[in-house]
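Peer 1: Could you look at this predicted model? Sequence included:
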Amino acid sequence: MYGIGLDGSTEIWHKGTWMNRPTREKAKQKPPAKRAVPVPKKAPEETRSRVKDDARTLALLWRRQERPARSGLTLSTIIQTAIEVADREGLEALSMRRLAEILNVGTMSLYTHVPGKAELVDLMWDASLDGLYADPDEPKRQPGYRAGLEFVALRNRALFEAHPWLLDLNITRPVIGPNAAAKYEAELRVLDGIGLTDLEIDAVASQLWTHVFASCRWAEEERRAQQESGLTDVEWWARTLPLLESVMFGDFPVASRIGPKSNEMRLPETSTQHHFRWGVEVVVQTVASLVRDREAQR
């Protein structure tokens with residue numbers, strides 16, 4: 001049944017309800033089909049390196065022996081070549097394809113030795129620690145725990161200076177290999193038997209490591225900044241301080257007094273050298289204070 005609506009439109013009686021023609025026609029229209037969002041395909045290397053296979057990495061780290069491929073390629077050769085590339089050009093320049101080109105093998109042949117770049121980097125980290133100490137007791141043989149802690153700090157700084165790409169790693173959850181385990185053992189032995197609890201020994205070793213890592217990371221960033229700007233740290237501060245003094249004077253009296261003097265007092269050391277040495281001294285003095293407290297409690 002048809003009728004005329006109040007607005008002059010044609011209406012139709014449908015299932016007990018008056019519907020105007022535009023509404024009826026609109027009701028018949030199907031909603032537009034949803035367009036599928038294309039998912040970009042990822043390169044095999046990107047897919048492989050997104051999630052690490054820690055179990056496979058542990059098996060590779062603690063391998064007892066390795067058999068070379070028909071081409072003569074070994075996992076040790078792959079790791080050492082990867083370290084050389086990272087030392088020379090940085091970790092970003094390292095890829096499985098680039099490594100295969102250097103080794104003159106097919107990219108897929110590398111995956112028969114290591115699952116991907118993420119696992120390879122774990123292997124590189126552990127390999128870089130090989131020879132850090134002559135044996136687990138070398139730090140302990142230094143004349144006293146103070147000299148032992150300083151020895152550990154200097155060895156770790158030398159490690160980062162030799163392999164700056166280590167400073168770009170996130171090693172908060174490391175996959176422990178034999179060299180990392182030997183490093184940890186050696187650095188704990190320095191503090192063993194001097195009166196600290198096991199938890200304190202671990203905390204001191206971790207704090208010293210954290211300080212060295214942060215100081216070396218700062219030094220590396222300073223080196224990169226100098227390379228980009230062409231200015232040393234001293235030269236940069238010489239340009240910046242006059243402007244800072246003009247805007248900070250009066251409002252920040254303590255900062256205005258200490259800031260310029262700190263730069264003058266630590267010369268000829270750079271800021272990173274000063275903070276490295278100072279931080280190690282703080283750790284050593286903290287240990288000395290703990291040892292005195294334990295002796296006083298006896």
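Peer 2: Thanks, I have the structure now.
Peer 1: contacting residues around stretch 117-130?
Peer 2: Stretch 117-130 is contacted by residues 45, 48-53, 56-57, 60-61, 75, 78-80, 82-83, 86, 91, 94-96, 114, 159, 162-163, 166, 169, 171, 174-175, 177-180, 182-183 when judged by Cβ atoms under 8 Å, 6 or more residues apart in numbering. Quick note: C-beta positions are derived from backbone N, CA and C, even for glycine.
Peer 1: among the residues you listed, which are in helices?
Peer 2: Counting by DSSP state H, the part of the contacts of stretch 117-130 found in helices is 45, 48-50, 56-57, 60-61, 75, 78-80, 82-83, 86, 96, 159, 162, 178-180, 182-183.
Peer 1: what about the longest helix in this structure?
Peer 2: The longest helix of the chain (DSSP H) is helix 198-229.
Peer 1: which secondary structure elements does the very next helix or strand once past that helix contact?
Peer 2: The helix or strand immediately downstream of helix 198-229 is helix 233-248, counting by DSSP states H and E. With contacts taken as 3 or more Cβ pairs under 8 Å, 6 or more residues apart in numbering; DSSP states H and E, helix 233-248 sits against helix 198-229, helix 253-265.
Peer 1: Would you indicate which residues of helix 233-248 are buried?
Peer 2: Residues of helix 233-248 classed as buried: D233 (neighbour count, 16 or more other Cβ atoms under 10 Å).
Peer 1: That helix vs helix 198-229, what angle?
Peer 2: Calculated by axes from the mean of the first three to the mean of the last three Cα atoms, to 10 degrees, helix 233-248 forms an angle of 90 degrees with helix 198-229.
Peer 1: between helix 233-248 and helix 253-265, how big is the angle?
Peer 2: Taking the same axes, to 10 degrees, one finds helix 233-248 and helix 253-265 inclined to each other by 160 degrees.
Peer 1: returning to that earlier point: can you say which of the helices and strands packed on helix 233-248 is packed in most?
Peer 2: The highest mean neighbour count among the helices and strands packed on helix 233-248, using mean count of other Cβ atoms under 10 Å, belongs to helix 198-229: a mean of 16.
Peer 1: Just list what that one packs against, helices and strands only.
Peer 2: With contacts taken as 3+ Cβ pairs under 8 Å, 6+ apart, helix 198-229 sits against helix 145-162, helix 178-189, helix 233-248, helix 271-297.
Peer 1: what's the spacing between that helix and its chain's center?
Peer 2: When C-alpha coordinates are averaged (Cα atoms, centre = their mean, to the nearest Å), helix 198-229 and its chain have centres 12 Å apart.
Peer 1: what is the mean pLDDT for that helix?
Peer 2: Helix 198-229 carries an average pLDDT of 93.
Peer 1: Apart from its neighbours in sequence, what residue is nearest A93?
Peer 2: Spatial nearest neighbour of A93, chain neighbours left out: V85 (6.4 Å); criterion: Cβ to Cβ, 6 or more residues apart in numbering.
Peer 1: for D202, same thing?
Peer 2: Spatial nearest neighbour of D202, chain neighbours left out: L188 (7.1 Å); criterion: Cβ to Cβ, 6+ apart.
Peer 1: you'd agree that neighbour is up against V204?
Peer 2: No: between L188 and V204 there is no contact under Cβ atoms under 8 Å: 9.3 Å.
Peer 1: of the contacts of stretch 117-130, buried ones?
Peer 2: 45, 48-49, 52-53, 57, 60-61, 75, 78-79, 82-83, 86, 91, 94-96, 114, 159, 163, 166, 175, 177, 179-180, 182-183.
Peer 1: Right, I'll call it a day here.
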